[in-house]
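Participant: for reference, the sequence and a predicted model appear below.
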Amino acid sequence: MTTAAYIAKNPSAVKDEPFVAVRDLTISYGDRIIQQNLNFDIKKNDIFFIIGGSGSGKTTLLKSMIGLLPPIQGETLYGGTNFYNANDTTQLELLKGWGITYQSGALFSSMSIAENVALPLQLYTDLSEKQIAETVSYKLALVGLSGFETFYPAELSGGMHKRAGLARALALDPKLLFFDEPSAGLDPISSLRLDQLIVQICQALDSTVIIVSHELPSILSIGTNGVILDAQAKTMLDSGDPKQMLINSKEEKVRQFLNRAENTTTKAIKNNEEKKT
């Protein structure tokens with residue numbers, strides 16, 4: 001389904017243009033199709049989860065969305081702009097509006113935390129050294145790392161490392177944040193704190209967040225929207241609010257996936273949603 005065909009089928013799409021729109025997207029590695037026929041919308045200020053089991057293509061979809069893997073069909077539109085069809089200037093402007101954190105944190109080990117956070121500011125702004133230092137201090141304070149400016153990545157705990165990576169992703173005040181498995185390797189308490197921090201950042205910076213994850217507590221507690229990918233079908237099974245999909249998805253496989261860990265949090269959410277209906 002092309003963009004024009006989608007609008008013809010959904011006339012309200014022009015008036016209610018989503019912040020990010022994925023249309024008939026097919027992604028592959030060479031001849032091997034990873035996911036196909038993906039269609040979903042991300043609204044402004046969503047905390048959007050890309051969900052699925054191992055091998056379903058969650059990170060591959062993220063790579064395509066951040067400009068690292070051109071699709072073989074379809075498009076991802078940012079405010080109506082297709083990144084891959086845009087000229088260099090437009091691509092750079094889009095990239096400057098994105099913050100990206102990787103599973104490993106991807107910090108430069110030879111640079112201090114402050115130097116890591118300062119790097120995007122040095123590359124993409126005309127700020128003075130004093131202004132950069134002030135911005136770095138503010139971003140580190142935002143993620144709870146004040147006083148750690150001179151520390152190196154190897155000197156930080158896993159949770160602190162994740163937060164330092166987040167501070168660098170926030171350096172340019174992005175309106176769109178991408179996370180690849182942010183809770184990977186964290187204990188439950190650190191994972192909960194990171195979830196709370198993501199919500200606070202989203203609200204403070206008026207940002208939209210896209211997260212690759214299979215962590216049900218995070219998905220069901222902070223997610224406002226999402227898409228569920230399937231490795232066997234090589235396409236999406238459903239999309240929408242994860243809490244609603246848990247109860248109301250027409251796809252049994254989706255309900256089973258979201259119910260696979262019947263912990264206290266999941267039961268409480270399910271009971272609450274059933275009361276509303």
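Facilitator: Arrived safely.
Participant: the one helix or strand Leu229 maps to packs against which elements?
Facilitator: Assigned by DSSP states H and E, Leu229 falls within strand 225-230. Here strand 225-230 touches strand 32-42, strand 47-52, strand 235-239, helix 242-248, helix 252-258, going by 3 or more C-beta pairs under 8 Å, 6 or more residues apart in numbering; DSSP states H and E. Just so you know, the C-beta spots here come from the backbone N, C-alpha and C atoms, and that holds for glycine as well.
Participant: mean confidence score for it?
Facilitator: For strand 225-230, the mean pLDDT works out to 97.
Participant: likewise for stretch 181-195?
Facilitator: For stretch 181-195, mean pLDDT is 84.
Participant: which outside residues touch it?
Facilitator: Contacts to stretch 181-195, defined as C-beta atoms under 8 Å, 6 or more residues apart in numbering, come from residues 59, 101, 103, 157-159, 162-163, 166, 198, 211-215, 217-218, 221-222.
Participant: among those residues, which are located in strands?
Facilitator: 101, 211-212 (DSSP state E).
Participant: want to throw those into TSV with pLDDT and neighbour count?
Facilitator: As requested, these are exported to TSV (pLDDT from 0 to 100; neighbours: other C-beta atoms under 10 Å):
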residue	pLDDT	neighbour count
Thr101	87	25
Ile211	95	27
Val212	95	22
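Participant: so Met137 makes contact with Phe148?
Facilitator: Quick fix: residue 137 reads Ser, not Met. No. In this structure, Ser137 is not within contact of Phe148 by C-beta atoms under 8 Å, at 10.7 Å.
Participant: of the ones in strands among the contacts of stretch 181-195, which is the nearest to Gly53?
Facilitator: Val212 (12.4 Å; C-beta to C-beta).
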